[in-house]
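*Asks:* Mind looking at a prediction? Sequence and model below.
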Amino acid sequence: MAIVHIGIDLAKNVFAVHGVDEHGKPALVRPSVPRARLHELIAALPPCTVAMEACSGGHHWARLFAVHGHSVRLIAPKFVAPYRMSGVRGKNDAADAAAICEAVQRPAMRFVPVKSIDQQARLMVHRARQGYVEARTACINRLRGLLSELGIVLPLKAATVRREAGTALEDLPGWANTVVGDLLSELHRLDERIATYDQHILVIAREDERARQLMRLSGVGPTTATAMLAMIGNGHEFRCGRQFAAWLGLAPGQYSSGGKTRLGRITKAGDAYLRTMLILGARAVLAAAKNKTDSLSRWALALQERRGYWKAVVAIAAKNARMCWAMLAKGEDFKLPA
């Protein structure tokens, strides 16, 4: 019987493969496949649906298998866990592969878009930059903590920490002077590295027509535009802009029962980096709206007055997300407010 669906539990060296026929019966069960043999095994099969979890290496394997005519689907791990027949206590590679194979057959299952090499390369720029930003924050906090031990308490503002720490450097005794000086040098190096990656992102945005189109929207700059293109590409995995906003975690959580609708805070699901960029852009839009008279600014200010600051920020971010999806998925141009 021909194999119709295959589930693969990804790993570093040893993989588990579970394939079923059109009747759902196991037709290919390999609980232990070496990494060097996986590509050969899948390439020898007739075209079918290959499913994997969206984890490390998933996009790489998806591109390899797609070359051989297979229809590849990536599934978020949280959607696979409920289909593991052995439950939490029976988790192993073979059970996970069977659960992936079962999950991909569900008609309403949602999948992760497969990224191209170019998308992943651009996303690496964002991930590296974010790592340097986190390292800089840790360096500033370390500097403030060490100086506070000597009675020098500095505020949270990064520019003030740099200035005050440099001023106090000459008065520090012995090894304290050495440590603080090294931390200030490391902070300067991280500033330069982040500035370099900001230039990389700006070059990527200028070279991409879609990114330039996204940046016409208020609250969407080079970082947000290039990150969105690297994450979702053309956005065809989403049926509408509302689904994309919900995937980003900008939709309210719901706990409704008995005909009573209960909406809570936003779910914060999806990619935190992209959602953060949209939120920061929305804050900038709301801050600048006080000096503008266009329709978007008037709507944002009215919403803030009616529902509060943070709900207005989230609403602006969700609106931007929906408009970005419309441009990427349908090729619709933005109609800028008069």
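*Replies:* Now that the structure is in, tell me what you want to look at.
*Asks:* quick check, R275 in a helix?
*Replies:* Yes. Residue state for R275 (DSSP: H, G, I helix; E, B strand; the rest coil) corresponds to a helix.
*Asks:* how much space between the residue lying closest to it once chain neighbours are set aside and I279?
*Replies:* Distances taken as CB to CB, 6 or more residues apart in numbering put L248 closest to R275, at 5.0 Å, once the chain neighbours are dropped. For every residue, glycine as well, the C-beta is placed using N, CA and C. Note on L248: its distance to I279, by CB to CB, to the nearest Å, is 10 Å.
*Asks:* Okay, helices next: where are they in the chain?
*Replies:* Counting by DSSP state H, one finds helices in the chain at the ranges 35-43, 58-67, 77-80, 93-103, 117-148, 158-168, 174-207, 209-214, 222-232, 241-247, 272-288, 295-307, 309-330.
*Asks:* Any chance of CSV for those, columns mean pLDDT?
*Replies:* Below are the helices of the chain laid out as CSV (pLDDT from 0 to 100):
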stretch, mean pLDDT
helix 35-43, 95
helix 58-67, 96
helix 77-80, 92
helix 93-103, 95
helix 117-148, 95
helix 158-168, 91
helix 174-207, 95
helix 209-214, 94
helix 222-232, 94
helix 241-247, 91
helix 272-288, 95
helix 295-307, 93
helix 309-330, 94
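*Asks:* Go through those and name the closest to A27.
*Replies:* helix 93-103 (10.5 Å; CB to CB).
*Asks:* Other residues contacting that closest one?
*Replies:* For helix 93-103, the external contacting residues (CB atoms under 8 Å, 6 or more residues apart in numbering) are 5-9, 11, 14-20, 26, 29, 31-32, 51-53, 75, 79-81, 83-86, 109.
*Asks:* Repeat that for stretch 157-164.
*Replies:* Contacting residues not belonging to stretch 157-164 are listed as R136, I140, L143, R144, I152, L154, P155, L184, L187 [CB under 8 Å, 6+ apart].
*Asks:* Farthest-apart pair in these, please.
*Replies:* Largest separation among the contacts of stretch 157-164 by CB to CB: R136 and I152, giving 20.0 Å.
*Asks:* for the residue nearest to the spatial centre of the chain, what are its contacts?
*Replies:* For the chain, the residue sitting closest to the mean C-alpha position, by CA atoms, centre = their mean, is D271 at 2.9 Å. For D271, the contact set (CB under 8 Å, 6+ apart) comprises M231, L248.
*Asks:* So which of L248 and I279 has more stuff around it?
*Replies:* L248 (26 against 21; other CB atoms under 10 Å).
*Asks:* Need the pLDDT of that one.
*Replies:* Note on L248: pLDDT of 92.
*Asks:* next one: T261
*Replies:* With respect to pLDDT, T261 scores 87.
*Asks:* Give the burial count for it, as a bare number.
*Replies:* When neighbours are counted by other CB under 10 Å, T261 comes out with 8.
*Asks:* Just give the number of residues close to the residue nearest to it when sequence neighbours are not counted.
*Replies:* Once flanking residues are discounted, T261 sits nearest to Q254: 7.4 Å by CB to CB, 6+ apart. Residues contacting Q254 under the criterion other CB under 10 Å number 10.
*Asks:* going forward can the numbers begin at 24, since that is how I track them
*Replies:* Let's use 24 as the start, then, which means that last one is Q277.
*Asks:* can you pull the contacts of Q277?
*Replies:* Contacts of Q277 by CB under 8 Å, 6+ apart are T284, R285, L286, G287.
*Asks:* Please repeat the previous calculation with a cut-off of 10 Å.
*Replies:* Residues in contact with Q277, defined by CB atoms under 10 Å, 6 or more residues apart in numbering, are T284, R285, L286, G287, T290.
*Asks:* Show me which of these is closest to A85.
*Replies:* Nearest to A85 among those, counting by CB to CB, is T290 at 26.1 Å.
*Asks:* list the contacts for the closest one?
*Replies:* A269, W270, L271, G272, L273, A274, P275, G276, Q277.
*Asks:* The first one and G293 touch, don't they?
*Replies:* Which is A269. Yes. Judged on CB atoms under 10 Å, A269 makes contact with G293 at a distance of 8.3 Å.
*Asks:* if we can go back for a sec, would you list the phi and psi of the residue nearest to R298?
*Replies:* Phi and psi for L271, reported as degrees, to the nearest 10, are phi -80, psi -10.
*Asks:* With respect to R239, which of the contacts of stretch 180-187 is nearest?
*Replies:* Proximity of those to R239 (CB to CB) peaks at R159, which lies at 30.5 Å.
*Asks:* what about that closest one, how many neighbours?
*Replies:* Counted with other CB under 10 Å, R159 comes out at 18.
*Asks:* how far away is F88 from S79?
*Replies:* Distance from F88 to S79, by CB to CB: 16 Å.
*Asks:* returning to what we had before: quick one: the contacts of Q277 as CSV, columns for distance to A307 too.
*Replies:* Shown next, in CSV, are these (distance: CB to CB, whole Å):
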residue, distance to A307
T284, 32
R285, 32
L286, 26
G287, 26
T290, 23
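*Asks:* Between which two of these is the distance greatest?
*Replies:* T284 and T290 (15.7 Å).
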